[in-house]
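Undergrad: Return atomic coordinates for the entry below.
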Amino acid sequence: MIRTRRLFVVALVVTLAPAIAPTAALGAQATFFGLDASNQNLTNANAARDSFVATLESFAVETMEGIAGQADPLLFAGTPFQAASDFNQVVSFAPLAVSPLNVLLDQGPADAAGPGVNDWLLFAQPVTAFGSYFAQGGDGGANTVSLRLENTLRGTSKDVPINVLGPNAPFFNVFFFGVTDTDPFDRVTFIESLDFDGILLDNIVAGQLPPEPHTFIAPFGAF
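TA: Sure thing, here's the model as predicted:
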């Protein structure tokens, strides 16, 4: 039987790039990472993204192009992956954007919620995949970044390390990071050791892995 792959795409940038294998799975989890010096050549980041979405049955992409200036953007509107956010705002900055102008700003202590409060995305329903392009991480001091995948219904969470960014990384650096987990989560929180790093997010991907196959157990006496 051929499984149909359903795509709910707000805006999708298609690139041809060699696949990057995910890191070794940690339990039911896999991560994808690719880093480039700027958005002028996204060979590694795009390859990581393509490898990530190739594992998904369905997904949506939020490019930020339709929600400029909102302090509390609603992301992925009109798709099954709709999410709320407490990030600062969506701003226009083409030198660090992927698609092609707007980015989601994580400005740390300047957040309306106050210093030391980690930004998050809260999905309307659980997902099993999350990824994004990240720009300008670690261009000053070193910044250890991770994602906290939370299931607010179950009260569970997992911290997924991205990388140590910097210090003194290229000013225009862009990387893609994606994570899949067979344990569903509905909230993604961004944890940073250097909260005022000013990381920008673009072309955020949310999605679902294909359903896990069920093991058939024959009734007693069937053979």
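
Undergrad: C-alpha from now on. contacts and neighbour counts both.
TA: Fine.

Undergrad: So for the residue nearest in space to the middle of the chain, what's the nearest residue that isn't a sequence neighbour?
TA: The centroid of the chain falls nearest to residue 131 when counting by C-alpha atoms, centre = their mean (2.2 Å). Once flanking residues are discounted, residue 131 sits nearest to residue 178: 3.7 Å by C-alpha to C-alpha, 6 or more residues apart in numbering.

Undergrad: Tally up the residues packed near the one you found, please.
TA: Residue 178: 25 surrounding residues under other C-alpha atoms under 10 Å.

Undergrad: which strands and helices sit next to the strand ranked longest in the chain?
TA: Counting residues, the longest strand found in the chain (DSSP state E) is strand 174-192. Counting contacts by 3 or more C-alpha pairs under 8 Å, 6 or more residues apart in numbering; DSSP states H and E, strand 174-192 is packed against strand 29-36, helix 43-53, strand 120-135, strand 143-151.

Undergrad: Within the sheet, what are the partner strands of the next helix or strand after the last one, with directions?
TA: So that's strand 143-151. Downstream of strand 143-151, the next assigned helix or strand under DSSP states H and E is strand 156-165. Partners of strand 156-165 in the sheet, by DSSP bridges, are strand 143-151 (antiparallel).

Undergrad: Run the angle between the strand it pairs with and strand 174-192 for me.
TA: 70 degrees (axes from the mean of the first three to the mean of the last three C-alpha atoms, to 10 degrees).

Undergrad: Pull the contacting residues for residue 158.
TA: Contact partners of residue 158, counting by C-alpha atoms under 8 Å, 6 or more residues apart in numbering, are 148, 149, 150.

Undergrad: try residue 54
TA: Shown in contact with residue 54 (C-alpha under 8 Å, 6+ apart): no residues.

Undergrad: can you tell me how far it sits from residue 208?
TA: Using C-alpha to C-alpha, to the nearest Å, we find residue 54 at a distance of 11 Å from residue 208.

Undergrad: now residue 142
TA: For residue 142 relative to residue 208 (C-alpha to C-alpha), the value is 32 Å.
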